[in-house]
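S.K.: Compute the structure for the input listed below.
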Amino acid sequence: MIFSNNLKNILRNIKAILFDVDGVLTDGTIYLFSTEEFTRRMSIKDGYAIQYCIKQGIPIGIISGGNSDIMRKRFNLLGVTDLYFKSTTKIYDYQDFKFKYQLNDYEIAYMGDDIPDYEIMKLVGLPACPADAVDEIKEISKYISPRKGGEGCARDLIEIILKAQNKWMNNNAFEW
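M.R.: Numbering: from 1, shown residues only. Reported below is the predicted structural model:
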């Protein structure tokens, strides 16, 4: 992929990444069963990239209106410790994450797909979205992944950031 010099500079400055879940790390489909939990489908490629990114020293956080024990378990297994579930106003959780890591807005990437992500995406240095995000989110995104939600768009974003920072395919890339 060919990026403008401006986007290359933005990618090099990213020190943390935040993701929405439904519509970004999943395809947005929720399967309803007789239990109280919903079932979601996630990409294993996104999972690999998330844990690898954390190993490279870039913290990853999750901000989601959803909440489930299985999602918490999945992200914990990947090494994600900043989990903001049941987020009714995502900007508050964003501010908490930013304060915790002492970051400036321009040092954060956020990938969202729908209106609840809009406020945060207007602030961050790298607002990004999957190919199937709603139009309002696409309009403010500096990077639109060619991949849809749940189909590797998080991997795509992580990969371009790590490649811009020469952190892709380092020594610990070959271990899970």
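S.K.: Can you show me the strands along the chain?
M.R.: Per DSSP state E, the chain carries strands over the ranges 16-19, 60-63, 82-84, 108-111, 126-129, 143-144.
S.K.: in its sheet, what does the last one sit against?
M.R.: Within its sheet, strand 143-144 is paired with strand 126-129 (parallel), according to DSSP bridges.
S.K.: what separates the partner strand from the chain centre, distance-wise?
M.R.: Relative to its chain's centre, strand 126-129 lies at 9 Å (C-alpha atoms, centre = their mean, to the nearest Å).
S.K.: hey, C-alpha coordinates of it in PDB?
M.R.: Extracted C-alpha coordinates of strand 126-129, given in PDB (Å, rounded to 0.1, in the frame of the first residue of the first chain):
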ATOM      1  CA  LEU A 126      -5.500   8.200  13.700                       C
ATOM      2  CA  PRO A 127      -9.300   7.600  13.300                       C
ATOM      3  CA  ALA A 128      -9.700   4.400  11.400                       C
ATOM      4  CA  CYS A 129     -12.600   2.100  10.400                       C
END
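S.K.: Could you check how far K163 is from Q56?
M.R.: Applying C-beta to C-beta, to the nearest Å, the value for K163 to Q56 is 11 Å. For every residue, glycine as well, the C-beta is placed using N, CA and C.
S.K.: just D69 next, same as before
M.R.: 28 Å.
S.K.: Compare those two (neighbour count), which wins?
M.R.: Q56 (15 against 9; other C-beta atoms under 10 Å).
S.K.: Now that one. Nearest residue, chain neighbours left out?
M.R.: K167 (4.4 Å; C-beta to C-beta, 6 or more residues apart in numbering).
S.K.: Could you give the number of residues near the one you found?
M.R.: 17.
S.K.: Spit out the contact partners of the spatially most central residue of the chain.
M.R.: Centroid-nearest residue in the chain: F19, 2.7 Å away (criterion: C-alpha atoms, centre = their mean). F19 makes contacts with 25, 60-63, 110-112, 154, as judged by C-beta atoms under 8 Å, 6 or more residues apart in numbering.
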